[in-house]
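1. below are the sequence and a predicted model; questions follow.
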Amino acid sequence: MSRYDAVVIGAGHNGLINAAYLSRGGLRVAVVERNDRVGGATRSEEVFPGFHFSVFSYLVSLLRPEVIHDLELVRHGLDLVPLESTLNPLGGGDELYREADPMRTFWNVARHSRRDAEALLEYKTEMTALGRLAHRLQDLVAADVTSTALDGADEAASADVAATLADIARYYAGTPEHQLSLLYEMFTSSADHFLRRWFETDALRAALATSSIIGSWTSPRTPGSAYVLLHHYIGEVDGVYRGWGFQRGGTGEVAEILARAARAHGAEILLEASVEKVAVKRSESGSTVTGVVLSDGREIEAPVVVSSLAPQLTFSRFLSEGDAPAEVFTAASQWNSRGSSGKVNLALDELPSFACRPEPGAHLAGGFSIAPSVDYVESAYDEAKFGSYSRTPFVDGIIPSVIDPQMAPTGKHVLSCFVQYADYELKNGDWDQSREAFGDAVMKVLIEHIPNLEHCVVGKQVLTPLDIERIAGIPGGNIFHGELRLSQIFANRPAPWASDYATPIAGYYVCGSSCHPGGGISGGPGRLAALRILGEKAGSFVGAVS
Amino acid sequence: MKQPDVIVLGAGHNGLVAAGLLAKAGVSVTIYERRAELGGLAGTIDSGSEKASFAATDFGLFRSDLAETLELARHGWDVEARRAAASELIGWRSNSGPKMGRQHELRLFCDVARLIDAVAQHSRHDAAQMPRFLETVDRLSSRFEELLRTPPSFSGAASIAREPELMRFVSASLEDLLGWWFESHALKAALAGLALQNTGLGPRHEGTGWLLLYQLSGTREGLLRPALLEKSGESGQFIGALAAAARSAGAVIHNRLGAKAIKTRSSRQRGVVLDDGSVVESPWVISTLDAPATLLGLVGAPHLPVRSVRILRRLRMEGSTVRLLGVGGGDQETGRSVIASDLDEMQRAQDWAKRGKASVNPWLISANGSANAHYLPHSVCDDRGAVVEFQKTVRRTLERAWGTSTDDSSGEQWLSPQDWRAHVGATDGAETGGWMTLDQSLVLRPLSGYSGTATPIKGLLLGGAAAHPGGGVTGLPGAAAATAALGRIERQE
């Protein structure tokens, strides 16, 4: 039997960040990972000989600058190449092209509507301001935002929290009312309705709305979808808001870098170490965690166990009835993490050529998005939402080999697509039977806009929500470990009694995407959970993190 | 004629409540109503030889304290007596016919033992969950009621975020929320129908939990609130009592005389131009029309801030409820029934409306020989073919649900969003003064920048369903407008 100060379950990016911070804080930490490599959904793989893919998430945008700084990630190899443009093919040779240079984007949009081109500048200013407001909320432990701790027993803690709340109040007091209105509307409105404030061009609204639906079981016209629009505006690369970055070598490299950072601080990472259960000692005053038991029978003792997995595993699978109050199991069973998306990775023997922009150019180093109209995306949603997948899906993709030639053999290319919608629970048949048909539907859409894909595909990997569940270990295959919707954020992420990362079982913590502030490769949950644990160890409540 | 302290536009239930409360407080008040009938959407319409409820069927949401203050019992509407006599909130009937036997129907009784018994016929699991569900609703509803009765503010909205359980309940979709407790299609459809009636929304829309709590508030300690329906022959009694209460307190009601404009100068209201061309002046005007009808229609865009005009034009108003009166056949129940199959079908019906089309699979709420069908968007009402097809489907659905044939369609009368617009001036046939989504509620109702009962025009308040907290026969917006006007009169603003 081995002993550590803390065991972190899962070596996805949040688990690794958590472990790195805990080690940095002086704890002896072990990370236990079921797979034979680190990364979880942050994973790269040589799927076809010579062709490398970021299998799941292929862009990094939301990674907190504090994490990059604190863990010295650049020294460990972090090298994010900003993604500078997005091409939206609209069919019939038409396009909507947004570039890094705002003036070029202005004229590209003005081709569709001069008014919208002007509104886009205004929109970006407003959203950046909102992003900064929301950013504030994201950097606080959720329990503080929604604090009931003010009446808590710990005087010092209360003072801390009170100071934080006062800080937020001051911050918001200076906010113009129209911005508060926007923020409120953003949390409650549909993306399309929200965007109508600014834009008359349907294609532009569709293009912007897609960032609100990625990873979520929602659509541009479904109330509540505007919130995720904001979530994506909080991203920051090199201090520049609204930048998306591509990691050289693929997203899996981010996990390797995080693992190096964790190891550098002394953390041990145990691969192929699958957790069977979390060991809990029950007593009259409540349950206390004592360590984990692995499925090969090994036991690891630790007074602190941190799970980076989704609530269904963290609570329902790893604990036994009686280990925790019934409400814990109820909340886990009510957690909505129904997957909505799939992925298609293509190995190509030539450069893709868009129908709307056939010549090679800078656009190939950017992203592309097939969502020509709001109706298009809405139909894709309607086709899938009752237990099926979209016949004409929304497809968002990049060509990583253009950004980083090492991703494919010389002269060859890889293309990664994120596809929506695909319901985790199929009404007819199962995903193993439907995988090919789903892939065909994606290819049909792709070929319509990138005609040479008809003959240049030499390898095709189709991943369904079921595959995401199997490989990344996310129940339901939801890329955010649970829907990012108003009923599942802040204090309700994953539940009011765990929104400060501590569970009703003493010593058992949570730190995954299903915690505040949520999904994306932000590292926010992993970092905030670690600060909370370290603060508790040091005998002080670390609430506000400056 | 002496100038009244307050002019109320529209004698819908909210207008009558506002006028009654103001008059009781010693303020002189005059109501102008364009129609001959009082009551607006909560009033009546001639249907064959008798009167029928126009749009509203359930008066159970009307707040008891308002009824008490206005002495409605004395004027013919005894809420307590009616509550004591009523026994259920709503029911559900399968839209595929009675062949399913006892699985065909579910009644949500207010009596807990009867309720649990009825639910157990569909699911023992759900029956076991019911006490916990009622307990949760009970726990949340007093706080929710406080929200509905307090003028909205940003700090108030933010305070919901500090109450995780309430936040989760009101922001969830009905599909999620009902799934937390229940498995039975019948039970889920009954509660979803209750929440979604007349709103244009579907069960997968986030924030529809708000609508369920809206309908369940007023719950008596762990019980469901009873629906209060006007029985056949009673139509108009509720509004009659409200009008009598307002008059007896001294309010003057002019019917057949509506307002055609509100005069303004320097963003201040300077009088109301009536249909007959005369102008009446008063320091305060409470309009119970919706926000676009009041501000774009009566005031006029040139007199409003540009920003507000943009917001008003973007408000989602469109009504999509069709009402069928004089339904023959098997519907002799005294209660209400949601006629639907399950949440997915209800959402599919809404999907048609989302695309600007009439639902091919409408779900219904039938009550007292009438039925409300969802969804026929206002924009489709001009398409004769689509309307006729929709009506046929509604008729077929009723026949299937009740297992009877309604060959005799002679007594039937159809009302659509166009009628809401034509009779009470509802913009785009809005049934609830504009959609009751979360982004058009609380601090963003009636419009972003002006919350509660406020408008960009000084001396002009909103007091109908467009004002906070929204639609339904609650009396709350009217009361809020009366309170706001009184406060300002006292402060001599």
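-> Looks like it arrived, so ask away.
2. alpha carbons only for contacts and neighbour counts from here, please
-> Will do.
3. give me the residues contacting stretch A:31-39.
-> A:7-13, A:15-16, A:19, A:252, A:255-256, A:259, A:267-275 (Cα atoms under 8 Å, 6 or more residues apart in numbering or on different chains).
4. list the ones among those that fall in strands.
-> Using DSSP state E, the members of the contacts of stretch A:31-39 that fall in strands are A:Val7, A:Val8, A:Ile9, A:Glu268, A:Ile269, A:Leu270, A:Val275.
5. which SSE is B:Val338 in?
-> Here B:Val338, judged by DSSP states H and E, is contained in strand B:336-340.
6. could you list every helix and strand in contact with the helix or strand just after that strand?
-> Next helix or strand after strand B:336-340 toward the C-terminus (DSSP H and E): helix B:343-354. Under the contact criterion of 3 or more Cα pairs under 8 Å, 6 or more residues apart in numbering or on different chains; DSSP states H and E, helix B:343-354 touches helix B:185-196.
7. still on that earlier bit, just the angle between the strand holding B:Val338 and helix B:343-354, please?
-> 80 degrees (axes from the mean of the first three to the mean of the last three Cα atoms, to 10 degrees).
8. strand B:336-340: partners in the sheet, and parallel or antiparallel?
-> Next to strand B:336-340 in the sheet, as set by DSSP bridges, lie strand B:88-94 (parallel), strand B:363-367 (antiparallel).
9. alongside chain A, which residues does the stretch 301-450 of chain B contribute?
-> B:Arg310, B:Ile311, B:Arg314, B:Asp344, B:Asp351, B:Thr437, B:Leu438, B:Asp439, B:Val443, B:Leu444, B:Ser448, B:Gly449 (Cα under 8 Å from any Cα of the partner chain).
10. just the buried subset of those, please.
-> Buried by 16 or more other Cα atoms under 10 Å in any protein chain shown: B:Asp344, B:Asp351, B:Thr437, B:Leu438, B:Asp439, B:Val443, B:Leu444, B:Ser448, B:Gly449, out of those.
11. excluding its backbone neighbours, what's nearest the last one?
-> By that I understand B:Gly449. A:His178 (6.8 Å; Cα to Cα, 6 or more residues apart in numbering or on different chains).
12. mind giving me the packing neighbours of the helix or strand where the one you found lies?
-> Using DSSP H and E, A:His178 sits within helix A:177-188. Helices and strands touching helix A:177-188, by 3+ Cα pairs under 8 Å, 6+ apart, are helix A:114-138, helix A:226-233.
13. so what's the spatially closest residue to B:Asn95 that is not a sequence neighbour up against?
-> Among residues not flanking B:Asn95 along the chain, B:Ala401 sits closest, at 4.7 Å (Cα to Cα, 6+ apart). Counting by Cα under 8 Å, 6+ apart, B:Ala401 touches B:Arg93, B:Ser94, B:Asn95, B:Ser96, B:Gly97, B:Pro98, B:Ile339.
14. B:Ala401 - that's part of a strand, no?
-> No: applying DSSP: H, G, I helix; E, B strand; the rest coil, one finds B:Ala401 to be helix, outside a strand.
15. roughly how far does it sit from chain A?
-> Separation of B:Ala401 from chain A (Cα to the nearest Cα, to the nearest Å): 24 Å.
16. please consider this matter closed, and thank you.
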